[in-house]
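**Q** Give me coordinates for this.
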Amino acid sequence: MSKLELNDVEAVTVVGAGTMGHGIAQVFATAGYEVTLVDIAEEPLEAAMEKVEESLERLVDDPAAVLERIETTTDRKAGLEGADVMVEAVPENIDLKEEVFADADAVLPEEAVLATNTSTLPITEIAAATDRPEQVVGMHFSNPVPLIPIVEVISGEETDEHVLDITEALSEAVGKTSVRIEKDVPGFLLNRINYAFWNEALRRVDEGEFETEAIDAAAQRLDFPMGPFEVLDFSGLDVFHMVCQSMRERDVPVRIPDCLEELIDAERYGMKTGEGFYEYPEAGTYARADIPRERRYEYDPYCMIASAVNEAAWLLANDVTTKEDIDTAMELGMSWPRGPLEFADEYGIDRVVETLERLHEESGWAQYEPHPLLESMVDDGKLGQKTGEGFYEYDHEAATFGPVEYEKREYLAYITLNRPGKLNAIDEASWNGLRNALERAEGDDDVRATVLRGAGDAFSAGDDIAEMQAWESASEGQEFFDTVALPAVEALRTHSKPTVALVDGVATGAGCELALLSDLGVAAEGSQFGQPEATIGALPPLLLAYGATSVGKKTMLELAMTGDLFSATEAADAGLVNYAVSANQAPDVARELARSTTASAPGSVAAMKRLWSGYEEELAAAWLDEAVDDLTDQLRTEEGEHGLEAFLEGESPRWER
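**A** Okay, the predicted model is just below:
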């Protein structure tokens with residue numbers, strides 16, 4: 001038998017004129033193929049052609065020329081005769097699909113490709129209705145077909161390699177990117193990962209932990225154009241319910257939450273019916289739900305990501321597809337901002353496993369049990385960007401500057417104050433290390449933003465008091481500030497890249513001031529901010545000089561005069577940080593905030609920082625000089641010496657009432 005080549009394909013028959021069928025007919029006709037669209041009655045065919053015409057008027061310059069390449073018929077066998085390729089797009093009913101393929105087998109040329117657009121049913125089962133299973137292939141488009149640039153090309157157990165190749169070539173000929181599915185597994189690629197991703201969200205709503213708006217807001221925070229409940233309403237809850245049922249019937253451990261079943265029973269399928277998880281102005285009319293941005297930190301979206309990664313690991317371990325095709329499919333087919341494996345490497349494979357273990361313990365659901373592939377990656381130290389290798393390889397550097405650790409992960413620099421036993425108190429070596437690390441990041445053109453954090457349970461408890469007490473004169477203290485502390489402060493303040501303070505724990509004294517001087521900040525719940533210098537007979541020079549540009553007088557003086565500690569939420573309200581979030585989300589929010597700054601051109605960012613630094617310089621430089629003089633003088637007074645000694649001995653100073 002001669003084999004069909006791409007150049008031989010002229011006539012394509014699409015069986016089924018529903019949403020998917022008429023979309024498939026449109027893309028083939030737009031690409032220049034002669035198309036026959038088949039359905040059981042004239043009414044659905046007429047409706048389909050009206051929708052094709054409406055779509056073409058929006059998308060092409062000459063709709064009439066494309067429409068001329070589409071003919072319709074209710075005679076299935078007549079429509080199939082002579083076609084080089086058939087694409088079946090009838091409802092997801094195995095008996096109906098087998099009937100279509102039996103008819104196609106009877107009339108199509110022997111070299112023709114028999115493709116099914118099924119999203120859930122096994123290619124092998126469909127192929128069994130023919131005497132040529134080697135020519136049956138899955139060609140799964142995504143809805144809306146004219147707009148979504150992905151096709152899953154799926155092999156049945158007997159599909160010929162040449163048929164897979166030509167189906168991929170056809171996909172590209174109609175303007176799509178193809179991903180190869182080498183094994184006929186239930187749900188293929190897109191629906192398996194969609195199930196894992198969406199069902200985590202459904203479970204949380206079903207159990208009453210979160211509202212749909214909070215979860216959708218959390219997804220949008222990661223740059224997903226729509227949250228999971230918005231997408232489900234858009235694509236149709238009945239469609240997803242059918243996918244779940246089909247996979248469950250084929251031994252995939254699928255759980256269907258009650259909240260979904262209840263909407264299905266009420267025939268609330270989403271936009272198509274005007275009601276789903278959200279309500280819409282009119283059935284069948286596209287509209288967006290009102291998702292409050294301020295709710296984006298209530299739910300941790302990496303729970304959904306971890307569940308999706310677990311399913312992706314199953315696909316890889318079972319040789320169903322490749323890591324590149326997994327990420328490509330989700331980016332192009334589902335508009336993910338990055339593929340699940342890219343997200344995993346960014347988040348950390350170890351954290352993916354930890355999250356899955358927690359979710360599995362909470363729910364008992366099989367979908368959360370960490371896949372052995374992920375566990376072996378953790379054992380091998382392949383944790384993603386933090387180690388330079390995960391599912392992919394990354395640019396990674398590490399260096400030590402005294403008690404300060406420097407790490408470059410792709411485009412982000414992480415600077416860690418690393419004296420956990422001293423709550424990261426900043427001594428001379430720490431100030432010098434901070435300056436050197438900032439200069440390292442400054443000199444690397446690949447670094448786009450810098451994250452400053454502390455090791456252990458603190459950001460930084462401030463200056464090393466014992467070191468300050470050892471100064472023998474005010475001039476020695478002045479020299480320390482001039483040659484050690486202030487050069488590091490200037491390196492932070494004038495750093496040309498965005499700086500993000502990640503505060504998890506205590507941020508007092510100079511630690512609070514470092515957070516203040518950073519461009520952006522995130523605080524984990526449970527963190528505490530304070531400027532207790534005056535309680536030991538000192539004063540906070542950086543707060544008093546630069547605080548005026550970030551916090552108001554009342555807040556600044558409350559911090560400076562009382563020694564009270566602010567919570568993470570109070571710190572955010574005061575302007576010391578941008579956001580206060582749960583401790584497990586804080587590293588991610590800081591990373592996301594740093595990443596978001598890369599939307600702006602590096603030169604624009606550097607210019608903005610230069611202008612702001614100049615404004616601060618004009619406003620605060622003289623104040624800072626005076627504040628440092630006052631501090632060094634105050635520390636050498638009897639009051640200052642008493643306060644330092646009392647602090648180091650764990651006693652209250654005499655002035656405390």
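
**Q** From residue 569, how far out is the nearest residue to residue 30 once chain neighbours are set aside?
**A** Spatially, and ignoring its direct neighbours in sequence, residue 30 is nearest to residue 66 (5.3 Å; C-beta to C-beta, 6 or more residues apart in numbering). C-beta here means a position set from N, CA and C on the backbone, and glycine is covered the same way. Distance, residue 66 to residue 569, by C-beta to C-beta, to the nearest Å: 57 Å.

**Q** which of these two has more neighbours?
**A** Set residue 66 next to residue 569 and count neighbours by other C-beta atoms under 10 Å: residue 66 wins out with 24 against 15.

**Q** got the buried residues for the one helix or strand the residue nearest to residue 30 maps to?
**A** Assigned by DSSP states H and E, residue 66 belongs to helix 63-67. Within helix 63-67, the residues that qualify as buried are 63, 66, 67, counting by 16 or more other C-beta atoms under 10 Å.

**Q** mind listing the helices in the stretch 201-350 of the chain by residue range?
**A** Using DSSP state H, counting those that start in this stretch, the helices found in the stretch 201-350 of the chain span residues 212-221, 228-235, 237-249, 258-265, 302-317, 323-334, 340-347, 349-363.

**Q** Mean pLDDT lowest where, among the ones you listed?
**A** Lowest mean pLDDT within these: helix 237-249, a mean of 93.

**Q** packing partners for that one?
**A** Where contact means 3 or more C-beta pairs under 8 Å, 6 or more residues apart in numbering; DSSP states H and E, helix 237-249 is packed against helix 190-206, helix 258-265.

**Q** looking at these, which is closest to residue 306?
**A** Among the helices and strands packed on helix 237-249, helix 190-206 comes nearest to residue 306, with 8.1 Å by C-beta to C-beta.

**Q** on that earlier part again, please state the offset of the helix holding residue 66 from the chain centre?
**A** 40 Å (C-alpha atoms, centre = their mean, to the nearest Å).

**Q** Repeat that for stretch 629-645.
**A** 50 Å.

**Q** got the end-to-end distance for it?
**A** Start and end residues of stretch 629-645 are separated by 21 Å (C-alpha to C-alpha, to the nearest Å).

**Q** could you give the mean pLDDT of it?
**A** 75.

**Q** Tell me the buried residues in it?
**A** 631, 632, 634, 635, 636, 639, 640, 642, 643, 644.

**Q** can you list contacts of it?
**A** 465, 468-469, 471, 473-475, 477-478, 481, 533, 535-539, 541, 653-655 (C-beta atoms under 8 Å, 6 or more residues apart in numbering).

**Q** Is it correct that residue 414 falls within a helix?
**A** No. Counting by DSSP: H, G, I helix; E, B strand; the rest coil, residue 414 is not part of a helix but strand.

**Q** Give me the nearest residue to it, chain neighbours excluded.
**A** Counting by C-beta to C-beta, 6+ apart, the residue nearest residue 414 is residue 407, at 4.4 Å.

**Q** relative to helix 340-347, how tilted is the host helix or strand of that neighbour?
**A** Per DSSP H and E: residue 407 is located in strand 404-409. With axes from the mean of the first three to the mean of the last three C-alpha atoms, to 10 degrees applied, the angle from strand 404-409 to helix 340-347 works out at 170 degrees.

**Q** Residue 416: neighbouring residues, count only.
**A** 21.

**Q** Now it: closest residue in space that isn't a chain neighbour?
**A** Closest to residue 416 by C-beta to C-beta, 6+ apart is residue 405, at 4.2 Å.

**Q** so what's the one you found up against?
**A** With C-beta under 8 Å, 6+ apart, residue 405 has these contacts: 398, 399, 414, 415, 416, 418, 437, 455.

**Q** so the first one, which of the three states?
**A** Same thing as residue 398. strand.

**Q** Is it possible to get the helices of the stretch 201-350 of the chain out as TSV so that each row also shows mean neighbour count and distance to residue 50?
**A** Below are the helices of the stretch 201-350 of the chain laid out as TSV (neighbours: other C-beta atoms under 10 Å; distance: least, C-beta to C-beta, whole Å):
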stretch	mean neighbour count	distance to residue 50
helix 212-221	23	32
helix 228-235	23	21
helix 237-249	19	22
helix 258-265	15	29
helix 302-317	25	37
helix 323-334	21	27
helix 340-347	26	38
helix 349-363	19	46
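
**Q** what's the closest of those helices to residue 556?
**A** Comparing the helices of the stretch 201-350 of the chain by C-beta to C-beta, helix 212-221 comes nearest, at 30.6 Å.

**Q** Just list what the closest one packs against, helices and strands only.
**A** helix 190-206, helix 228-235.

**Q** try 10 Å this time
**A** Contacts defined by 3 or more C-beta pairs under 10 Å, 6 or more residues apart in numbering; DSSP states H and E place helix 212-221 against helix 190-206, helix 228-235, helix 302-317, helix 586-596.

**Q** thinking again about what came up before, pretty sure the residue nearest to residue 414 contacts residue 401?
**A** No. The pair residue 407 / residue 401 is not scored as a contact, 11.5 Å apart, by C-beta atoms under 10 Å.

**Q** tell me, what's touching the two both at once?
**A** 415, 437 (C-beta atoms under 10 Å, 6 or more residues apart in numbering).

**Q** hmm, which helix or strand of the chain has the shakiest average pLDDT?
**A** helix 638-648 (a mean of 75; mean pLDDT, DSSP states H and E).

**Q** Return the distance of that helix from the chain's centre.
**A** 50 Å.

**Q** now stretch 129-141
**A** Counting by C-alpha atoms, centre = their mean, stretch 129-141 comes out at 36 Å from the chain centroid.

**Q** Next, the buried residues of it.
**A** Buried residues in stretch 129-141 (16+ other C-beta under 10 Å): 129, 130, 132, 133, 134, 135, 136, 137, 138, 139, 140, 141.

**Q** What of stretch 373-384?
**A** Neighbour counts over stretch 373-384 (16+ other C-beta under 10 Å) mark 373, 374, 375, 377, 378, 382, 383, 384 as buried.

**Q** Verify the stated contact: residue 16 with residue 36.
**A** No. Applying C-beta under 10 Å, one finds residue 16 not in contact with residue 36, separated by 12.0 Å.

**Q** Pick out whichever of these two has more residues nearby.
**A** More crowded of residue 16 and residue 36, by other C-beta under 10 Å: residue 16, with 25 against 22.

**Q** wait, what's in contact with that one?
**A** Taking C-beta under 10 Å, 6+ apart, we find residue 16 in contact with 22, 24-25, 37-40, 44, 48, 87-91, 96-97, 100, 117.

**Q** What subset of those residues is buried?
**A** Buried, going by 16+ other C-beta under 10 Å: 22, 24-25, 37-39, 44, 48, 87-90, 97, 100, 117, out of these.

**Q** Which pair of those residues spans the longest distance?
**A** When C-beta to C-beta is used, the two most widely separated members of the buried ones among the contacts of residue 16 are 48 and 97, lying 18.9 Å apart.

**Q** got the angle for the strand holding residue 407 vs helix 586-596?
**A** Going by the same axes, to 10 degrees, strand 404-409 makes 60 degrees with helix 586-596.

**Q** contacting residues around the residue nearest to residue 414?
**A** Residue 407 touches 385-386, 396-400, 413-416, 437, 451, counting by C-beta under 10 Å, 6+ apart.

**Q** so what's residue 273 closest to, chain neighbours aside?
**A** residue 283 (5.3 Å).

**Q** Verify the stated contact: that neighbour with residue 274.
**A** Yes. Under the criterion of C-beta under 10 Å, residue 283 makes contact with residue 274 at 3.8 Å.

**Q** Spatially nearest residue to residue 51 (excluding sequence neighbours)?
**A** residue 22 (5.8 Å).

**Q** what sits against residue 472?
**A** Residue 472 sits in contact with residue 636, where contact means C-beta under 10 Å, 6+ apart.

**Q** Can I take it that it is in a helix?
**A** No. Counting by three-state DSSP, residue 472 falls outside a helix, being coil.
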